[in-house]
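Peer 1: Quick one: sequence plus predicted model below, questions after.
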Amino acid sequence: GIQVEQSPPDLILQEGANSTLRCNFSDSVNNLQWFHQNPWGQLINLFYIPSGTKQNGRLSATTVATERYSLLYISSSQTTDSGVYFCAVVTGSARQLTFGSGTQLTVLP
Amino acid sequence: NAGVTQTPKFQVLKTGQSMTLQCAQDMNHEYMSWYRQDPGMGLRLIHYSVGAGITDQGEVPNGYNVSRSTTEDFPLRLLSAAPSQTSVYFCASSSQGQGRYGYTFGSGTRLTVV
């Protein structure tokens, strides 16, 4: 099956800093999603981004499908951005998700 | 609009016991799935469903059963709990409808098998 790799595994920032999270996938995809898991464990869908660039406030995402990677940008980070960020590839008849192992982000005040 | 509701939030089982994790959604989504999350790993797919009466196995199905008698409910059954099933379990739903590309996850069930 398709492999999804994320980097870096851990990231510590000071509040106000910018960051870039990377997601590589082993095969061509039609649908890629980014999720945020907050410190209480809740998973929130951030972006549906099969290709191109999308922005939502301080967060933006870019997927270059031909080169099999996606990037999540966080600008002017806040402590509430802390948590784990997952990318996931959508496959199959029921839109099943294959997840990467995540990037643990800690934003310090 | 409750979204996806999972119960219980926490559970401790003894090895060999059985139990059912409940998942219900009120968004009329056709697709539902169960994932488990272990430390240092992403979520892994256990079972999934494309609609009432239709289920299939994911990446890690051993030791689990599912059924989907209605669009709303998708329970996950542990047949004989083992310590290796200690994990956090998430239920998710989604839809293929026009413009609806997102996923909704439940808040999770933290299961410990002793």
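Peer 2: Yep, that arrived.

Peer 1: Enumerate every residue touching the residue in chain A that chain B sits nearest to.
Peer 2: Relative to chain B, the nearest point of chain A is A:F99 (3.2 Å; C-beta to the nearest C-beta). Where C-beta positions appear, they are placed from N, C-alpha and C, glycine not excepted. Taking C-beta atoms under 8 Å, 6 or more residues apart in numbering or on different chains as the criterion, A:F99 is in contact with A:4, A:86-88, B:35, B:42-44.

Peer 1: And for A:Y85?
Peer 2: Taking C-beta under 8 Å, 6+ apart, one finds A:6, A:21, A:34-37, A:46, A:72, A:102-103, A:105 in contact with A:Y85.

Peer 1: try 6 Å this time
Peer 2: A:Y85 is in contact with A:21, A:36, A:103, counting by C-beta atoms under 6 Å, 6 or more residues apart in numbering or on different chains.

Peer 1: where does chain B dip in pLDDT?
Peer 2: In the predicted model of chain B, residues B:1, B:97-101 satisfy pLDDT under 70.

Peer 1: Nearest to chain A within it, name that residue for me.
Peer 2: Of all residues in chain B, B:G42 sits closest to chain A, at 3.2 Å by C-beta to the nearest C-beta.

Peer 1: residue contacts, that residue?
Peer 2: B:G42 touches A:86, A:99-102, counting by C-beta under 6 Å, 6+ apart.

Peer 1: So, low pLDDT: which residues of chain A?
Peer 2: The model of chain A has no residue with pLDDT under 70.

Peer 1: just to revisit the earlier point, so what's the residue lying closest to the residue of chain B closest to chain A once chain neighbours are set aside bridging to?
Peer 2: Distance criterion C-beta to C-beta, 6 or more residues apart in numbering or on different chains; nearest residue to B:G42, sequence neighbours excluded, is A:F99 at 3.2 Å. Beta bridges link A:F99 to A:A88 when assigned by DSSP bridges.

Peer 1: Now do A:F99 against A:S60, distance only.
Peer 2: Per C-beta to C-beta, to the nearest Å, A:F99 is found 21 Å from A:S60.

Peer 1: now swap in A:T79 and tell me
Peer 2: From A:T79 to A:S60 the distance is 20 Å (C-beta to C-beta).

Peer 1: With B:G42 instead?
Peer 2: To A:S60, B:G42 is 22 Å away according to C-beta to C-beta.

Peer 1: Chain B contacts on chain A?
Peer 2: Applying C-beta under 6 Å from any C-beta of the partner chain, we find that chain A lies next to chain B at A:41-43, A:45, A:48, A:86, A:93-96, A:99-102.

Peer 1: and with 10 Å instead?
Peer 2: A:1, A:4, A:6, A:9, A:31, A:33, A:35, A:37, A:40-50, A:84, A:86-88, A:90-102, A:104 (C-beta under 10 Å from any C-beta of the partner chain).

Peer 1: In the helix or strand encompassing A:L21, which residues are buried?
Peer 2: Using DSSP states H and E, A:L21 sits within strand A:19-25. Under the neighbour-count criterion of 16 or more other C-beta atoms under 10 Å in any protein chain shown, strand A:19-25 has A:19, A:21, A:23, A:25 buried.

Peer 1: If you tally nearby residues, what's the number for the residue nearest to B:V114 when sequence neighbours are not counted?
Peer 2: Excluding the flanking residues, the one nearest B:V114 by C-beta to C-beta, 6+ apart is B:K14, at 6.0 Å. B:K14: 8 surrounding residues under other C-beta atoms under 10 Å in any protein chain shown.

Peer 1: Hmm, B:K14 is touching B:V113, no?
Peer 2: Yes - if you go by C-beta atoms under 10 Å, B:K14 and B:V113 touch, sitting 7.5 Å apart.
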